[in-house]
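*Asks:* Mind looking at a prediction? Sequence and model below.
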Amino acid sequence: MKISITSPFRNRDGSNTSWFQTRPASLGNGRLVMTMQPITGSDHYGAVVETTSEDSGEHWSAPQPVPGFECEELSGGVLMGICDVVPEYHAPTDTVLAIGHNVYYRDGRLLDTLGDWNANAARPDLPRYPVWGVRDNRGRWIRQRRKLELVDSDNMSIYSCNCSQRLFRGETELIVPLTWGLWGRMDRMFSSLRVHYDGRELTVLERGNTLELPVGRGLMEPSLTEWDNRILVTLRTEDNSGYFAESVDGVQWGPLRKWEFDDGTVPVMYNTQQHWLRHCGRLYLIYNRKMADNQHLMRYRTPLLIAEVAPETMKLRRSTETIIFPMLPETQPDGSFLAALMGNFHPVQLSETESLVAVGENRYYDHYRGDTLIARISGC
C-alpha cells in the first residue's frame, strides 16, 4: 500500500484554527463530510463544524458550524458542549447520522463531573450521554442535537459511544457500541445497543450483555466492524493492553481478548483508541503502541500505526506493521524532544483500494497549535 499525507488546514503558526476531532464520512462518488472542533486546551473544544469535499478528500470547503452542536450556558458558570462526534453515512436513507456526547466546562477548562481525578468532584446533576443529529442529502441538518434515550440509565454517570465506529446492518438496523459507568464506580463497562434508524429517528430496541475490565477507567471508546460473519469490537483500556471481543449478532459478546502480534509479543497500548480499516479485502487495525523512541511521550500517541489482522487467529501480523503518520520530533531548549500526538484519529474507506485517515495534531506543548493531516492509503 502507498501512503501520502496532505494538510488541508494549517495552524502551527497560530494564525488560523487548530482543528481536532477530525472525523470524515464517505457519501460515495468522491463526496465526503468531515466534522471537526477547535481545540484550545486539554479536552477543551469549541463548537462542532463541518467541512466537505467533492473530490475524494483532495480539497475541502471552509468549515461551517453544525446547527445545534454549539455550547450552551448552564447555571453556576458551567457550559455544556458536545464532543467526540462521529458522522457515518447511511445509504438506504441517503443521510449522515452524527453521534457525539455532551461534556461540561467551567473557567475555560474541562469540568470533571465523573470524578475521574477527584471522586469528591463527581456531579450526579451533570450526567453524560450521547447526542445525535441527522444531515440530509442536501446538506441540511434536519435533526439537531437530540439525546439518545436509554432505559435504566438513571444511575449511570455516563453512557456514550464517543469516537466510535458504529455498524449499519440492513435497511434500518444500527449497532451502537456503548461505554457506560455507574456513580461511585470509576471503571466504565461495555455493552452494545441494537437501534432502529430510519433517516430521521433513533430508537433503542435492545441492550446486550456487559463486559468489564475494572482497571482504571475500564473499557472506553469501543469501535465496531463486521468481518467473516462476525462482529468485532476493539476497546481502549488503562492496563497497558488493547482488547477486542467477538459477537455473532452485535449484541451478545464473547470474552475480552488481548491484542497480540503473530510472533507472540504483546504490544503495549495505553489508554488510546484503536479503529478498524477494511482495505483491499483485508482487515486492519490502526493504533499507537510503546516503541523505543516514544516512551517519554504521552500514552505513546505518535507515530500512528496500521497492521493487518489475521482473521483466522485474530492476531496482528507484525510484518505488515506500517507507519501512517510518522513522529515529528521538535527539539526543546533542554535538548530533549516532544512531538505532535496522533492518537485521536478516524479512518474511512472510499473504495476497495483507497482509504483516508484524518487526525488533528495535538501539540499541547505549544498552546495546542497544530495542523490537520489527511493520510491517503491507496493500492494493495
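*Replies:* Thanks, I have the structure now. Predicted model only: the values in this text are computed from it and were never measured.
*Asks:* Pull the contacting residues for Asn118.
*Replies:* Each residue near Asn118 by C-beta atoms under 8 Å, 6 or more residues apart in numbering is listed here: Asp112. C-betas here are computed from N, CA, C, even on glycine.
*Asks:* Asn16: neighbour count?
*Replies:* For Asn16, the count of nearby residues is 14 (other C-beta atoms under 10 Å).
*Asks:* who's in contact with it?
*Replies:* By C-beta under 8 Å, 6+ apart, the residues touching Asn16 are Phe9, Arg10.
*Asks:* That one: helix or strand, and which one exactly?
*Replies:* Asn16 is part of no helix or strand when elements are defined by DSSP states H and E.
*Asks:* ok, it to Ala62 distance?
*Replies:* Taking C-beta to C-beta, to the nearest Å as the measure, Asn16 and Ala62 are separated by 11 Å.
*Asks:* Could you look up the SS state of the residue sitting furthest away from the middle of the chain?
*Replies:* Seen from the C-alpha centroid of the chain, the residue lying at the greatest distance (C-alpha atoms, centre = their mean) is Asp334, 34.2 Å away. Going by DSSP: H, G, I helix; E, B strand; the rest coil, the secondary structure assigned to Asp334 is coil.
*Asks:* Quick check, Tyr287 in contact with Gly242.
*Replies:* Yes - with contact defined as C-beta atoms under 8 Å, Tyr287 reaches Gly242; the gap is 6.4 Å.
*Asks:* Gly76: neighbouring residues, count only.
*Replies:* Here the neighbour count serves as a burial measure; for Gly76 (other C-beta under 10 Å) it reads 7.
*Asks:* Now for it: which residues touch it?
*Replies:* If you count contacts by C-beta under 8 Å, 6+ apart, Gly76 has them with Arg106.
*Asks:* my read is it is in a strand, agree?
*Replies:* No - with three-state DSSP as the criterion, Gly76 is assigned coil and is not in a strand.
*Asks:* Now it, what are its backbone angles?
*Replies:* Recorded main-chain torsions at Gly76 are phi 70, psi 30, according to degrees, to the nearest 10.
*Asks:* middle-most residue in the protein, spatially?
*Replies:* Among the residues of the chain, Cys163 comes closest to the average C-alpha position under C-alpha atoms, centre = their mean, at 2.4 Å.
*Asks:* In three-state terms, label that residue for me.
*Replies:* Judged by three-state DSSP, the three-state class of Cys163 is coil.
*Asks:* how much space between it and Pro130?
*Replies:* Looking at Cys163 against Pro130, where the rule is C-beta to C-beta, the gap reads 12 Å.
*Asks:* Same check on Ser153?
*Replies:* 10 Å.
*Asks:* Domains in this protein, by residue range?
*Replies:* For the chain, whose domains are defined here by automatic domain parsing, the residue ranges read 1-17+260-380, 19-147, 148-258.
*Asks:* now these as a markdown table including mean pLDDT?
*Replies:* Shown next, in a markdown table, are the domains of the chain (pLDDT from 0 to 100):
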| stretch | mean pLDDT |
| --- | --- |
| domain 1-17+260-380 | 97 |
| domain 19-147 | 96 |
| domain 148-258 | 97 |
